[in-house]
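Chemist: sequence isn't available, so here's the structure alone:
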């Protein structure tokens, strides 16, 4: 009896150590060989509800484990990468970071975290440091002041290395003034709420540390804003200025430390709604040496927003499209929108949309205001959605080209509460083409069969789906007339796609490693089966791609000298028969992460890129000098005007910001109400340009204007009229048809 009591006490004591946990099992998530597999995930937490550990059972003797450790104040401090635990399968893994990451010299064997990533030990100190760290301030806010990424690359050999390669954050009380501030033996300059310069650029982090401490007791002005300064592991600074309500009013970045500082500003109304976005200017801080010359220039017009008393957006006016107004019903549904032509008085609507809902607030109709042949305006139904029943389609089978016998409860099941049909109207040369989707549902309200009717395609497209218990597609069957295609999908025991079969022949399959990363893609459908292998860095970045086969391809990606995650170099090799040719490229970025140079010994692969402060590509040099490109934009917009390689060919736009004329290709593109290309028309010549006498001219923003007193028409009408008169010779036309979801379903040439 004494022994039994002792054993019971030991069991109770052991059970008391086990934290709280929630165990979730997902049944039949995939296949383990030929057997249905269940996936069990256990989340452990302490008495304060903090998540300590997550374990996923990947085999009877293996758990994929992630641990989180907290500092003395209860804040997340260290998070590990996933690793395999084989010693405590199905149970909580006890221990500190030092224990699970112990070296073999400390224990009889290395801890499971260290053992998992031993091959990533870049510093050869035995510890790959497969965990990240987060540090917090000691003040009551407990804000994050420093974060350190995973691995030796970021944590280095010393605490000094770790600090240098970490992401650091400083917060200051600030005022939008211009002032020089003494900071111990250093100086910093402040302008309009931002720190603009340091007396010693090699000690920026140190100066910011001193300044932050100094501002706790000695601020040279009455602050009314908060300035957050962030230094990335590359040493690049970004600044964010917030008002007293925590709203971001301005941001600052410095791509190259010159006059190309990028400052964007934001304005809000009394309710906190964003009412204006002020894009970056060129030389926003006027960095002329004597300050006498103001070089600042607005590159892009502001975007403004107006709201109603409910906080709903009523009007938006941006640089690339005419002003847009929105209206809503009492339920908050958008019921109308109008796009106005810019600069026209009185106000003139370019496009008006109307949206209709049923009693359950489901969108039933999308309409666009059109003009019929008699000049009478009407709302044209471009999208119609039908719910609950197919009865409203009865009698319209001929109009929508619905086959006889399709509209019945055998083909369209479980429609109550579901979308039964979506009908898209496409207009081409005055003729309406309907694209119809009909939906049949299974008992789980999943789409069992979709019927698609496309003009010009004989028969009806029928796509049937079968699902697993989790809703993943297992089988997709496509039929149209005599054509039949079957796709089968198989998933592994973690629910990841394992193989795809097409008409019972394996098309592609995938292998994953224990950490659930894609390890290999197999291509068995080739005459000689091949595969592609993938390798990753400790930071989960793709590091290597190796393709098997006679014409093999191999690429190695390097991130060594860049801590922002940008690719620093690529070494790739093409093999063609007995010939193998290597290519080695290195990449250079500015301080905002924009690619500026691609360097290589082969001049054909060298590249150089230039940007302005709003992100426009202004210059591109690729390969030989003959391929150089310079780009110009319409003033105050994002609309590309010319590219030098296009022989000065002009780009011209419509009121909505779509490029409708490409002079270099002699192409006119017309768009539908969704701004999706509806037709491409190629001409021998187009009477468009900025020259005097051009019949189609762009205004200062690039929007086309018909400059022909003989006719009043839009671009489509003018092109048809000019073609009929022999003034524009049409070579060919390509039309596009779309379904209600915006998918292109047919191209007509």
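Modeler: Okay, I see it. Only a predicted model underlies this, so the values are computations on that prediction, with no experimental measurement involved.
Chemist: what number of residues lie near residue 297?
Modeler: Neighbour count of residue 297, defined by other CB atoms under 10 Å: 11. From N, CA and C alone the C-beta is placed, and that goes for glycine too.
Chemist: strands along the stretch 151-300 of the chain, start to end?
Modeler: Under the criterion DSSP state E, counting those that start in this stretch, strands of the stretch 151-300 of the chain are mapped to 167-174, 178-183, 186-191, 194-198, 225-231, 237-243, 248-253, 262-268, 274-278, 281-282, 297-298.
Chemist: sketch out the low-pLDDT regions of this structure for me.
Modeler: Along the chain, segments meeting pLDDT under 70 span 1-17, 106-108, 257-259, 286-295, 625-628, 646-648.
Chemist: need the strands of the stretch 151-300 of the chain in TSV with distance to residue 492, can you?
Modeler: Listed next are the strands of the stretch 151-300 of the chain as TSV, based on distance: least, CB to CB, whole Å:
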stretch	distance to residue 492
strand 167-174	36
strand 178-183	58
strand 186-191	56
strand 194-198	51
strand 225-231	40
strand 237-243	41
strand 248-253	43
strand 262-268	45
strand 274-278	45
strand 281-282	53
strand 297-298	55
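Chemist: do you know which of those strands lies nearest residue 333?
Modeler: The closest of the strands of the stretch 151-300 of the chain to residue 333 is strand 274-278. By CB to CB, the value is 22.2 Å.
Chemist: how about that closest one: buried residues?
Modeler: Buried residues in strand 274-278, counting neighbours by 16 or more other CB atoms under 10 Å, are found at 274, 275, 278.
Chemist: now stretch 300-308
Modeler: Residues of stretch 300-308 classed as buried: 300, 301, 302, 303, 304, 305, 307 (neighbour count, 16+ other CB under 10 Å).
Chemist: check stretch 602-620 too.
Modeler: 606, 607, 609, 611, 612, 613, 614, 616, 617, 620.
Chemist: could you dump those to CSV with secondary structure and distance to residue 518?
Modeler: Shown next, in CSV, are these (DSSP: H, G, I helix; E, B strand; the rest coil; distance: CB to CB, whole Å):
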residue, secondary structure, distance to residue 518
606, coil, 32
607, strand, 29
609, strand, 31
611, strand, 33
612, coil, 38
613, coil, 39
614, coil, 37
616, coil, 36
617, strand, 32
620, strand, 33
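Chemist: among the buried residues of stretch 300-308, which are located in strands?
Modeler: Judged by DSSP state E, these include 303, 304, 305, 307 as members of strands.
Chemist: picking that back up, just name the closest of the buried residues of strand 274-278 to residue 359, please.
Modeler: Within the buried residues of strand 274-278, the smallest distance to residue 359 is 33.5 Å, found for residue 274 (CB to CB).
Chemist: kindly state the beta-bridge partners for the closest one.
Modeler: Under DSSP bridges, the beta-bridge partners of residue 274 are residue 268.
Chemist: one step back: in TSV: the buried residues of strand 274-278, plus distance to residue 708.
Modeler: Formatted as TSV, the buried residues of strand 274-278 follow (distance: CB to CB, whole Å):
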residue	distance to residue 708
274	42
275	40
278	39
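Chemist: and of the residues you listed, the nearest to residue 516?
Modeler: For those, the closest approach to residue 516 (CB to CB) belongs to residue 274, at 39.5 Å.
Chemist: would you map out the domains in the chain?
Modeler: Taking automatic domain parsing as the criterion, the chain consists of the domains 18-266, 359-445, 648-739.
Chemist: what about residue 49, neighbour count?
Modeler: Residue 49: 7 surrounding residues under other CB under 10 Å.
Chemist: where does it land in three-state SS?
Modeler: coil (DSSP: H, G, I helix; E, B strand; the rest coil).
Chemist: and it, how far from residue 453?
Modeler: 54 Å (CB to CB, to the nearest Å).
Chemist: rewinding a little: select, out of the domains of the chain, the one closest to residue 595.
Modeler: Closest of the domains of the chain to residue 595 is domain 18-266, at 11.7 Å (criterion: CB to CB).
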